[in-house]
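Asks: sequence plus the predicted model coming up.
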Amino acid sequence: MNNNFIKPGNLIDRYLKSIGIFKEVQEEKVLAIYDKVVGNIFANFSKPLDFKKGILVVKFSNSALRQEAFYNKNIIISKYNKYLGGDVVKDIKFI
């Protein structure tokens, strides 16, 4: 087996870093995969507003679901970081 094989995703990340847009792409990716990470119930009553410096801001239209999301915050952060392959999302603020 060839030990010099580079995964395509790693190659793309290297390229994005080399041209200085990796951080911006990661920020957009966090917003783009929100529905997949949180599931339909949360996604139907909330919207990711912003992601900067590791903090995702999410607006909920239902206070009961906002509270439920707050209780599950660590699980949501873990799911995000699993999808993204690293420690990208550090915290979530629910408003």
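Replies: Perfect, I can see it now.
Asks: please make it C-alpha for all contacts and neighbour counts, starting now.
Replies: OK.
Asks: check which helix or strand the residue nearest in space to the middle of the chain maps to.
Replies: When C-alpha atoms, centre = their mean is applied to the chain, the residue found nearest the centroid is residue 30 (3.3 Å). Using DSSP states H and E, residue 30 sits in helix 22-32.
Asks: just to revisit the earlier point, just to check, the residue nearest to the centre of the chain is in contact with residue 53?
Replies: No - using C-alpha atoms under 8 Å, residue 30 makes no contact with residue 53, being 11.8 Å away.
Asks: what segments of this structure are strands?
Replies: 46-52, 55-60, 91-94 (DSSP state E).
Asks: rebuild those strands as JSON lines, extending it with mean neighbour count.
Replies: JSON lines is the format used below for these (neighbours: other C-alpha atoms under 10 Å):
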{"stretch": "strand 46-52", "mean neighbour count": "17"}
{"stretch": "strand 55-60", "mean neighbour count": "18"}
{"stretch": "strand 91-94", "mean neighbour count": "17"}
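Asks: turn those into JSON lines, including mean pLDDT.
Replies: JSON lines is the format used below for the strands of the chain (pLDDT from 0 to 100):
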{"stretch": "strand 46-52", "mean pLDDT": "95"}
{"stretch": "strand 55-60", "mean pLDDT": "97"}
{"stretch": "strand 91-94", "mean pLDDT": "98"}
